[in-house]
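Chemist: fold the stuff below for me.
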Amino acid sequence: MSTSVDALNPSTHQLINVAATGKDTLDDYSTTFDRYLRDFLGLANGRETLLRTNTHMWTSEQWLAEGAEREDDGSPFSPKARFYRHFHNPLLPWSDAGLLTRYPFHLAPHQYTSAVRWMQADNQSTDDGSAIGGTWAWRDARRLQYLVLTTADARQREVYAADLFRALGQIMHLVVDASVPEHVRNDPHPTGTFTREVLRSRTAGNYEYWVSEQQARLGDAEFTARYLSAPIGPGAGFQQLAPPSGEGV
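Modeler: Model prediction:
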């Protein structure tokens, strides 16, 4: 049986990240994002600027999409897969808030790090058993932004800018995962892939499959217009929730 601990499927994560730049969302943020790229980061062509690394030459939007996909790097049969670090139960202390599971091959339940800690780790390459895929946490994004603003060599500045947007894309993936019910409780939802992809059943599965079906049915443009152009904010009582014991935000 396949194990599914992904949240939204990769294409949806990519679409959400690109929509966050204001692309096709029927609002003014597209202009705001372009102005940020030109005036703050010094990218002369704004959102059309191509940022080169040793492997790709993409726009900032495309690097955000790359981060959205790559944050799920890893095999479900390896404890080094990044997606095992994508859970956070807000009702538990942060030390216990991550996924607690025997997946994939632990003899006893293993406590993975919380997504909130994972996205702020000093070094994701060594944190929680050395997950694969490099280190793309909030600290890395801050460091990369500083390097974009202070590095004299234009070619190296491009590389830092590309990595900055990939890092932001990976962090955004984790923020979006927090909207998925299974990812805010101890639920690795192992049957979704098997029932949906192997049995072709539409009677089981979980939230991300419903979202993927809407995207496939409507197409990217209509899905963006319907679901991503007027985001829903937190409820009125959100700020009255007490923080978890033992650790502040």
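
Chemist: now for Pro76, how many residues are close by?
Modeler: The number of residues packed near Pro76 is 18, by other CB atoms under 10 Å. For every residue, glycine as well, the C-beta is placed using N, CA and C.

Chemist: and it, how close does it get to Gln239?
Modeler: Distance of Pro76 to Gln239, computed by CB to CB, to the nearest Å: 37 Å.

Chemist: run through the helices of the protein in chain order.
Modeler: 10-19, 29-35, 60-70, 115-118, 138-150, 154-177, 191-193, 207-218, 220-223 (DSSP state H).

Chemist: which one of these has the lowest average pLDDT?
Modeler: Lowest mean pLDDT of those: helix 191-193, a mean of 52.

Chemist: distance to Trp94 and mean neighbour count added to the helices of the chain, as TSV?
Modeler: Converted to TSV, the helices of the chain look like this (distance: least, CB to CB, whole Å; neighbours: other CB atoms under 10 Å):
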stretch	distance to Trp94	mean neighbour count
helix 10-19	24	22
helix 29-35	32	15
helix 60-70	24	23
helix 115-118	6	22
helix 138-150	15	16
helix 154-177	14	21
helix 191-193	27	19
helix 207-218	24	16
helix 220-223	34	15
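
Chemist: excluding chain neighbours, what is closest to the most centrally placed residue in the chain?
Modeler: The chain has His173 as the residue nearest its centroid, 1.0 Å off, counting by CA atoms, centre = their mean. The shortest distance from His173 to any non-neighbouring residue, by CB to CB, 6 or more residues apart in numbering, is to Glu71 (3.9 Å).

Chemist: can you pull the contacts of the one you found?
Modeler: Contact analysis of Glu71 by CB atoms under 8 Å, 6 or more residues apart in numbering lists 13, 82-83, 86, 133, 136, 169-170, 173-174.

Chemist: so Leu43 makes contact with Thr59?
Modeler: No: using CB atoms under 8 Å, Leu43 makes no contact with Thr59, being 9.5 Å away.
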